[in-house]
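> Show me how the following folds:
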Amino acid sequence: MLLSLFSIVDFLLQVASWVIIAQAIISWLVAFNVINTHNDFVRQLLYALDRMTAPLYRPIRRILPDFGGLDFSPIVVLLLIYVLRILLSGVAMDVAMAG
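This next block holds a predicted model:
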């Protein structure tokens, strides 16, 4: 039962990573005028991804200094998710060995 819970949390962290990567790529494409933001679908997709990732970025943006136009918060959040997944897999291995 506990291993299933670890698997679900790991999957959710993996999905969060992919959402962050998608949001970063789409924001770069918008910044370089590759994607037209006048398209309703693109605008709604960008809005949805921003709403999903903003709570993750907000605490990091408060801590990081201002780098001008560069936003390093997605990279920091991805690194934190990676560390959490490693720690979670270690705990899952310990639980599997004990049980």
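> drop to CA atoms for contacts and neighbour counts, all remaining ones
Will do.
> Which parts of the protein are helices?
With DSSP state H, the ranges of helices along the chain come out as 2-31, 40-63, 73-98.
> What average pLDDT does the second one get?
Per-residue confidence for helix 40-63 averages out to 94 on the pLDDT scale.
> hmm, back to that, want to throw the helices of the chain into TSV with mean neighbour count?
Listed next are those as TSV, based on neighbours: other Cα atoms under 10 Å:
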stretch	mean neighbour count
helix 2-31	15
helix 40-63	14
helix 73-98	14
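> Local confidence estimate at Ser7?
Predicted confidence (pLDDT) for Ser7: 94.
> need the contact list for Ala92.
Counting by Cα atoms under 8 Å, 6 or more residues apart in numbering, Ala92 makes contact with Leu3, Phe6.
> ok, the nearest residue to Ile35 once chain neighbours are set aside to Leu56 distance?
Leaving aside its sequence neighbours, Ile35 sits nearest to Leu29 (Cα to Cα, 6 or more residues apart in numbering; 5.7 Å). Distance, Leu29 to Leu56, by Cα to Cα, to the nearest Å: 21 Å.
> swap in Leu2?
According to Cα to Cα, Leu2 stands 26 Å off from Leu56.
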